[in-house]
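Trainee: got a predicted structure plus its sequence, pasted below:
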Amino acid sequence: MATAELQAEALLTVREESYLLIVWRRFRRHRVALMGAVILLAFILIAALAPWIAPYDPYAQNLLLKNAGPSPAHWLGTDELGRDVLSRLIYAARISLAVAFVVTLISQTTGALIGAISGYFGGWVDNLIQRVVDFMLTLPLLPLLLTISALLSDVTIPGLTREWSSVVIIILVLSVFGWMGSARLVRGVVLSLREQTFTEAARALGMSDLQIVIRHMIPNAMAPIIVSATLSLGTVIILEAALSFLGFGVQPPVPTWGNMLNNAQADMWTQPFKAIIPGFCIFLTSLSFNFVGDGLRDALDPRLKR
Amino acid sequence: MQRDGRDILLDVRDLRTYFFTEDGVVKAVDGVSFHVRRGEILGLVGESGCGKSVTSLSIMRLITPPGRILGGQVLFDGIDLLKLPEPEMVRLRGSRISMIFQQPVSCLNPVFKVGDQIAEVFQVHEGVSRVEGWRRAVELLRMVGIPDPERRAHSYPHELSGGMAQRVMIAMALALGPELLIADEPTTALDVTIQAQILDLMRELQRRMHTAIILITHDMGIVAEMCDRVAVMYAGQIIEEADVQTIFTNPQHPYTRGLLGSIPVMGVVRPRLDTIPGTVPNLINLPPGCRFAPRCQARLEHQARLGNRCLEENPPLIHTGPGHQVRCWLYP
């Protein structure tokens, strides 16, 4: 007993630091990912503090000063209705990021749950779910999203104006078509977890299938889920921008980077920076999310020690 | 000693579990019958692949495809578990029948603290809060002899040694005071010194809680130390059953004798330990006769009397003494 105690004591001191700390240290070594994280943090801060940072109300029009170039009063000039471009850019970060986070939350959670059920139960359940996933993955995403958004463009959600309804609708549409990746991923993880002894032990201790899926399978698949969610954030930003740019996404006057790009088209040749800057924001966030995802993938990899 | 007495806790009758694989039907458990009395330790002994684990998983109804329980009865306290609806079976597992396994560390979920995992048993079965579950988990850890249980409850499974992890598993299995514990080679993966500690712990708790145990093992030394009665399995069938003294003093089946001949006895000098030649038969294409016949030395010695019977006809399990049954043509 005494030796066992000593041994246990030694083991405990070796590993006082938490898992999160180890992950952070590994992540920190990934320079590009760290840079991505800093950029994202900046964007998130700007989005969160928009009302205090933005110099003007992003909806306030000043028709006397429309299509103005940069000036000390309007750093990035004004748009065709005389609204301050910088303020709109800052508020757009809010919408774009919020859409990305909500869509990712919904689609990844559903995907993980569906994938876990598929992998855990196997048999015809698995077969059915995987065929649905196959089917949805073969659909050409952008044309389909365009069609659906166009069909739903006149729908307004009670209590919301038409523009804000478009935000909710785009969230729903993107969520419906975004869960397959994480379903596949989690299914794969669960397939291997299912064969492990602790699953059998949990069943022997009287846990029901659903309890095992939720309390044992999904927590074990958390690392790949986090990585996939991070990568999904980048994809959603681009998709939302694409739809909004084409006029089927978030409707003006609610600003997003996508519809600002659209607005900037008219002055493309005279004031190219009005298109370049929102485009650069889209590029930068989506790239940062991808870098952070890569970094997390390495940092959370359980096979690596420290 | 009568079979239908009130003290019978578990009565397995003619259990058959087959695995339908691509190569054919594997008759892993083929007509197994035995019983366990309340508070006793039954040893289920045999080589790897003889169907011990499948028997125990069948009792728990944890057989997954391609395996299937084809027939028989598992009467637990008078209820046929094989006919019980799944939700009731789920409730029974862990509360009235529990199981511990060979690889204790891999039985624990790697991402949760052991305290949470033990607490979960209470949460799932009794709907208590996490805090209350945790408090009782710490108590249990103390009961199974884990030093500094308050701190230890915060450990993750990979921080535990095999012996510690098996103590945790025992704590979880006995948390709700089950009437039956199935221990599937609980000490095989542990160091010898730790083995003895775990066995001592199991016996102590068994006495205190009056839990019946089915102890699955291939180690006759553990059987001698722990068990009240022994059932010897071979190729999916019980081939001998008796109380522990009888098995060691008067083993009747040639296979049982072979098992006992393969362990060293203190004070007895033998040039080499006996071995049983050959391996367990392929459970897909079983020989028509006695399943042990191809490896049986006694068959050759008694060929004059038995002729080819051993190869042609599988012997029935017959009583050769009080509580002593054997499946061999040498008897009566």
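Mentor: Arrived safely.
Trainee: in the chain, what helix or strand scores lowest on average pLDDT?
Mentor: Answering for chain A, as no chain was given. When the helices and strands of chain A are scored by mean pLDDT, DSSP states H and E, helix A:2-14 comes last with a mean of 50.
Trainee: sorry, I should have been clearer: chain B.
Mentor: Ranking every helix and strand in chain B by mean pLDDT, DSSP H and E puts helix B:303-306 at the bottom, with a mean of 79.
Trainee: just checking, what packs against that one?
Mentor: Using 3 or more Cβ pairs under 8 Å, 6 or more residues apart in numbering or on different chains; DSSP states H and E as the contact definition, helix B:303-306 packs against no other helix or strand. Where C-beta positions appear, they are placed from N, C-alpha and C, glycine not excepted.
Trainee: from the chain's centroid, how far away is it?
Mentor: Relative to its chain's centre, helix B:303-306 lies at 35 Å (Cα atoms, centre = their mean, to the nearest Å).
Trainee: so is whatever residue of the stretch 101-250 of chain A ends up closest to chain B in a helix, a strand, or just coil?
Mentor: The minimum distance from the stretch 101-250 of chain A to chain B, using Cβ to the nearest Cβ, falls at residue A:206 (3.0 Å). With DSSP: H, G, I helix; E, B strand; the rest coil as the basis, the three-state label of residue A:206 is coil.
Trainee: do the same with the one 4 residues further on
Mentor: Of the three states, residue A:210 takes helix under three-state DSSP.
Trainee: dihedrals phi and psi, the residue most central in space within chain A?
Mentor: Geometric centre of chain A, nearest residue: residue A:233, 2.2 Å, by Cα atoms, centre = their mean. Per-residue torsions, residue A:233: phi -60, psi -40 (degrees, to the nearest 10).
Trainee: excluding chain neighbours, what is closest to it?
Mentor: Spatial nearest neighbour of residue A:233, excluding adjacent residues (Cβ to Cβ, 6 or more residues apart in numbering or on different chains): residue A:289 at 4.5 Å.
Trainee: for the stretch 201-332 of chain B, which residues score under the pLDDT cut-off?
Mentor: Applying pLDDT under 70 to the stretch 201-332 of chain B picks out residues B:265-266.
Trainee: residue boundaries of the helices in it?
Mentor: Ranges of helices in the stretch 201-332 of chain B, per DSSP state H, counting those that start in this stretch, are B:220-226, B:244-249, B:254-261, B:297-301, B:303-306, B:309-312.
Trainee: okay, now residue B:293: neighbour count?
Mentor: 24 (other Cβ atoms under 10 Å in any protein chain shown).
Trainee: please read the previous query as pertaining to residue A:215.
Mentor: 19.
Trainee: go on, the one 10 residues further on?
Mentor: When neighbours are defined as other Cβ under 10 Å, residue A:225 has 23 of them.
Trainee: give me phi/psi at it?
Mentor: Dihedral angles of residue A:225 (phi, psi; degrees, to the nearest 10) stand at phi -60, psi -40.
Trainee: could you tell me how far it is located from residue A:113?
Mentor: Residue A:225 sits 11 Å away from residue A:113, taking Cβ to Cβ, to the nearest Å as the criterion.
Trainee: can you give me the buried ones in whatever helix or strand residue B:18 lives in?
Mentor: Using DSSP states H and E, residue B:18 sits in strand B:8-21. Within strand B:8-21, the residues that qualify as buried are B:8-12, B:15-19, counting by 16 or more other Cβ atoms under 10 Å in any protein chain shown.
Trainee: and which of those residues is nearest to residue A:284?
Mentor: Residue A:284 has its nearest neighbour among those in residue B:19, at 56.7 Å by Cβ to Cβ.
Trainee: grab the nearest non-local neighbour of that closest one.
Mentor: Leaving out its chain neighbours, the residue that sits closest to residue B:19 by Cβ to Cβ, 6+ apart is residue B:26, at 4.1 Å.
Trainee: and what of residue A:118?
Mentor: What sits nearest to residue A:118 in space, not counting adjacent residues and going by Cβ to Cβ, 6+ apart, is residue A:129, at 4.0 Å.
Trainee: number of residues surrounding the one you found?
Mentor: Using other Cβ under 10 Å: residue A:129 sits among 18 other residues.
Trainee: outside of the helix or strand where it lies, which residues touch it?
Mentor: Residue A:129 belongs to helix A:123-138 when assigned by DSSP H and E. Here helix A:123-138 makes contact (Cβ atoms under 8 Å, 6 or more residues apart in numbering or on different chains) with A:114-115, A:117-119, A:177, A:180, A:183-184, A:187, B:65.
Trainee: what about the residue of the stretch 51-200 of chain B found nearest chain A, distance to residue A:201?
Mentor: Residue of the stretch 51-200 of chain B nearest chain A, by Cβ to the nearest Cβ: residue B:94 (3.0 Å). Per Cβ to Cβ, residue B:94 is found 10 Å from residue A:201.
Trainee: residue A:109 now?
Mentor: 27 Å.
Trainee: and for residue B:313?
Mentor: Taken as Cβ to Cβ, the span from residue B:313 to residue A:201 is 41 Å.
Trainee: distance from the chain centre to the helix ranked longest in chain A, please.
Mentor: What stands out as the longest helix in chain A, according to DSSP state H, is helix A:85-121. Offset of helix A:85-121 from its chain centre (Cα atoms, centre = their mean): 4 Å.
Trainee: buried ones in it?
Mentor: Residues of helix A:85-121 classed as buried by neighbour count (16+ other Cβ under 10 Å): A:85-97, A:99-100, A:102-104, A:106-120.
Trainee: so for that helix, mean pLDDT?
Mentor: What helix A:85-121 shows for mean pLDDT is 92.
Trainee: and the angle for it with helix A:123-138?
Mentor: With axes from the mean of the first three to the mean of the last three Cα atoms, to 10 degrees defining the directions, helix A:85-121 sits at 150 degrees from helix A:123-138.
Trainee: about what we covered before: keeping just the C-alphas, turn the least confident helix or strand of chain B into CSV.
Mentor: The C-alpha trace of helix B:303-306 is given here as CSV (Å, rounded to 0.1, in the frame of the first residue of the first chain):
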residue,chain,number,x,y,z
GLN,B,303,-9.7,-46.8,-25.5
ALA,B,304,-10.3,-50.5,-24.9
ARG,B,305,-13.4,-49.7,-22.8
LEU,B,306,-14.7,-46.6,-24.5
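Trainee: which parts of it are buried?
Mentor: For helix B:303-306, the neighbour count (16+ other Cβ under 10 Å) marks residue B:306 as buried.
Trainee: who touches that helix?
Mentor: Applying Cβ under 8 Å, 6+ apart, the contact partners of helix B:303-306 are B:299, B:329-330.
Trainee: how about a cut-off of 7 Å?
Mentor: Applying Cβ atoms under 7 Å, 6 or more residues apart in numbering or on different chains, the external contacts of helix B:303-306 come out as B:299, B:329.
Trainee: returning to what we had before: could you give the separation of the strand holding residue B:18 from the chain centroid?
Mentor: Computed by Cα atoms, centre = their mean, the chain-centroid distance of strand B:8-21 equals 13 Å.
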